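Engineer: here is a sequence together with a model predicted from it:
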Amino acid sequence: MAHSENVQENPAVFTLAAVGRFLCGAHTAARRSDDLVYLQNMSDDQLAKRGIKREDIARHVFGDLNYI
């Protein structure tokens, strides 16, 4: 409890935490984008060996998100 109060009272800590969350999100988005392009460039046979259908690539890459 004390930690959350300190974060709210200290603008520098709050700002650094926000920047950290932004950078983490940007890294995750870039990694997902790379994975999507990588899988889209595979042949259907290569995808089949991984157990992925071409129409399921987006679901495979973004499947952990609630709205997919």
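Structural biologist: On my side now, so go ahead.

Engineer: quick one: average pLDDT of stretch 49-63?
Structural biologist: Per-region confidence: stretch 49-63 scores 93 on mean pLDDT.

Engineer: list the contacts of it.
Structural biologist: Residues outside stretch 49-63 that contact it (CB atoms under 8 Å, 6 or more residues apart in numbering): Arg32, Asp35, Leu36, Leu39, Gln40, Met42, Asp44, Leu47, Ile68. Bear in mind the C-beta positions are built from the backbone N, C-alpha and C, glycine included.

Engineer: pLDDT score for Ala12?
Structural biologist: On the pLDDT scale, Ala12 is placed at 88.

Engineer: what is the neighbour count of it?
Structural biologist: 7 (other CB atoms under 10 Å).

Engineer: buried sites along the one helix or strand it maps to?
Structural biologist: Using DSSP states H and E, Ala12 sits in helix 11-40. With burial defined by 16 or more other CB atoms under 10 Å, the residues of helix 11-40 counted as buried are Leu39.

Engineer: gap between it and the chain center?
Structural biologist: 7 Å (CA atoms, centre = their mean, to the nearest Å).

Engineer: what's downstream of that helix, the next helix or strand?
Structural biologist: Next element after helix 11-40 (DSSP H and E): helix 44-49.

Engineer: buried residues, that following helix. List them.
Structural biologist: By neighbour count on 16+ other CB under 10 Å, the buried set for helix 44-49 is Leu47.

Engineer: what of stretch 57-68?
Structural biologist: Applying 16+ other CB under 10 Å to stretch 57-68 flags Ile57, His60, Val61 as buried.

Engineer: which one of those residues is nearest to Phe14?
Structural biologist: Of all these, Val61 has the smallest distance to Phe14: 32.0 Å, by CB to CB.

Engineer: and that closest one, its phi and psi?
Structural biologist: phi -80, psi -40 (degrees, to the nearest 10).

Engineer: brilliant, that's me finished.
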